[in-house]
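K.L.:
sequence and predicted model, in that order:
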Amino acid sequence: MTMLIDVLSWICLAGGGLFCMVGAAGMLRMPDFYTRMHAASVIETLGVGLLLAGLMLQAGLTLVTVKLLVIGLLVMFASPTASHALARAAMVRGVEPLLERGEGASKP
Amino acid sequence: MFTVAAIALLVTLALALLRGLLGPTVFDRAQVANTVGTIAVMLLAVFGFLFGRPEFLDLAIIYGLLNVIGTIAVLKFFRYGDLGEPGDGEAGR
Amino acid sequence: MLKSASLAFFLFVFWLLLSGIYEPFLIGAGVFSSVLVVWIARRMELVDAEGHPAHLGWGALTYWPWLIREIVVSALAVTRIILDPKLPISPTLVRFRPRQKTTVGLVTHANSITLTPGTISMEVAPGEFLVHALTREGAQAAADSEMDRRVERFEAGR
């Protein structure tokens, strides 16, 4: 049983690290500011979530798990607010989003 | 295994900082600051497990709170603050 | 008054969970700080349906698991796009009308959109959302979506 939980938490930790690196790679590869934000949100959701899940499995049912849960809720509530403020600030200051020209792309 | 997670987070940090160096607009850099803050929170949590010191989690919570306030404050400054003429220089690009 | 009492109770439970040391002095300090925070919040008129949305407890239990599943699915999709050597993105802006009436519902919808990788809410006003999506399919899925209906149900507290 302990073995199984250990293996599960290792998978979660490795997956979390992997998704963090993928998100950062996306931040380098994407062509403009708004698309880079999408890559960053992979880090803030799946990367952070899997890492926290792995740590929680290691901690078991203790106060440490509760603190990890609080960190998770904090990131999950705070990061979309910050992202939205960032996107809005960029739009107000006139950063043009790179848009795909083609049929179906609805222009505002 | 915590070491692997910590190394992965450090690689992420390096890549994000590279984007911060390249990042053409100031908003790219604000985004990087936000991401680095999130990674710092996770790094603190992982280090707490790595060294067997659960107090680090409290530091991680404080960092998370400061990160939010910091990002919102910086963005308020860039949106309404006095940074020369609007559209002038780096801030408007 | 009932809301204030429940807010004080939640704050005190939060204190107990974070502190982990149960001595009379620290528990007393916890009671004192929760009451102080509630008093300050009442003076700032923050204790209302927005500041302490206790009536949404039920809806959260059914909405959050669905949201987590949605986040995992779209995060995997974005990961596939990033790792693709051709980088098949088609960034699109889409404007649509959300169904929510209350501020809490609108904010929940906008934050859920931003939280799922691949879509970011750029402008949020009652009756009008502007969403930036990484792919054209993502933009089409954002307007008049299942998320819209689920948040509507969540805001009604069901």
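P.N.:
Here it is on my side, so go on. All values derive from a computational prediction rather than experimental measurement. Numbers count the residues shown, from 1 in each chain, chains lettered A, B, ... in the order given.
K.L.:
who are the packing partners of the helix or strand of chain B with the lowest mean pLDDT?
P.N.:
The helix or strand of chain B with the poorest confidence is helix B:56-80; it has a mean of 81 (mean pLDDT, DSSP states H and E). Using 3 or more Cβ pairs under 8 Å, 6 or more residues apart in numbering or on different chains; DSSP states H and E, the elements in contact with helix B:56-80 are helix A:63-92, helix B:26-50. For every residue, glycine as well, the C-beta is placed using N, CA and C.
K.L.:
list of residues touching that helix?
P.N.:
A:64, A:67-68, A:70-71, A:74-75, A:78, A:81-82, A:85-86, A:89, A:92-93, B:26-27, B:30, B:33-34, B:37-38, B:40-42, B:44-45, B:47-48, B:83, B:91, C:18 (Cβ atoms under 8 Å, 6 or more residues apart in numbering or on different chains).
K.L.:
give the buried residues for it.
P.N.:
For helix B:56-80, burial by neighbour count (16 or more other Cβ atoms under 10 Å in any protein chain shown) applies to B:56-61, B:63-64, B:67-68, B:70-72, B:74-75, B:78.
K.L.:
tilt between it and helix B:26-50?
P.N.:
Relative orientation of helix B:56-80 versus helix B:26-50 (axes from the mean of the first three to the mean of the last three Cα atoms, to 10 degrees): 170 degrees.
K.L.:
spell out which parts of chain B neighbour chain C.
P.N.:
Proximity of chain B to chain C is confined to B:Asp58, B:Ile61 under the rule Cβ under 8 Å from any Cβ of the partner chain.
K.L.:
out of the helices and strands packed on helix B:56-80, which one sits most buried?
P.N.:
helix B:26-50 (a mean of 23; mean count of other Cβ atoms under 10 Å in any protein chain shown).
K.L.:
quick one, grab the pLDDT at the closest residue to C:Phe154 other than its chain neighbours.
P.N.:
Distances taken as Cβ to Cβ, 6 or more residues apart in numbering or on different chains place C:Gly59 nearest to C:Phe154, at 3.8 Å, with adjacent residues excluded. Looking at C:Gly59, its pLDDT reads 74.
K.L.:
quick one: list the elements packing against the host helix or strand of C:Gly59.
P.N.:
Take DSSP states H and E as the rule and C:Gly59 turns out to sit in helix C:57-83. Counting contacts by 3+ Cβ pairs under 8 Å, 6+ apart, helix C:57-83 is packed against helix A:2-29, helix A:33-42, helix C:103-115, helix C:146-155.
K.L.:
how about stretch A:71-81 against chain C, any contact?
P.N.:
Yes. Using Cβ under 8 Å from any Cβ, stretch A:71-81 reaches chain C at A:Met76, A:Phe77, A:Ser79, A:Pro80, A:Thr81.
K.L.:
pretty sure the last one contacts C:Ala110?
P.N.:
When you say that, I think you mean A:Thr81. No. Under the criterion of Cβ atoms under 8 Å, A:Thr81 is not in contact with C:Ala110, lying 9.3 Å apart.
K.L.:
contacting residues around C:Asp23?
P.N.:
Check again: residue C:23 is Glu, not Asp. C:Glu23 makes no contacts at all, as judged by Cβ under 8 Å, 6+ apart.
K.L.:
can you tell me the helix or strand for C:Pro117?
P.N.:
Counting by DSSP H and E, C:Pro117 is found in no helix or strand.
K.L.:
shouldn't B:Val11 be in contact with A:Leu18?
P.N.:
No. Counting by Cβ under 8 Å, B:Val11 stays clear of A:Leu18, with 10.4 Å between them.
K.L.:
which residue is the nearest non-sequential neighbour of A:Val64?
P.N.:
Counting by Cβ to Cβ, 6+ apart, the residue nearest A:Val64 is B:Pro54, at 5.2 Å.
K.L.:
check the secondary structure at that neighbour for me.
P.N.:
The local conformation at B:Pro54, judged by DSSP: H, G, I helix; E, B strand; the rest coil, is coil.
K.L.:
dump stretch A:64-82 to CSV, restricted to CA.
P.N.:
What follows is stretch A:64-82, C-alpha atoms only, in CSV (Å, rounded to 0.1, in the frame of the first residue of the first chain):
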residue,chain,number,x,y,z
VAL,A,64,0.9,19.6,6.0
THR,A,65,-1.7,18.4,3.5
VAL,A,66,-4.1,21.1,4.6
LYS,A,67,-1.4,23.7,4.0
LEU,A,68,-0.6,22.3,0.6
LEU,A,69,-4.3,22.5,-0.2
VAL,A,70,-4.3,26.2,1.0
ILE,A,71,-1.4,26.9,-1.4
GLY,A,72,-3.3,25.2,-4.2
LEU,A,73,-6.5,27.2,-3.6
LEU,A,74,-4.4,30.4,-3.4
VAL,A,75,-2.7,29.8,-6.8
MET,A,76,-6.0,28.6,-8.4
PHE,A,77,-7.8,31.8,-7.3
ALA,A,78,-5.0,34.2,-7.7
SER,A,79,-3.4,33.3,-11.0
PRO,A,80,-6.5,33.8,-13.2
THR,A,81,-7.1,37.2,-11.6
ALA,A,82,-3.5,38.2,-12.3
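K.L.:
done for today, thanks.
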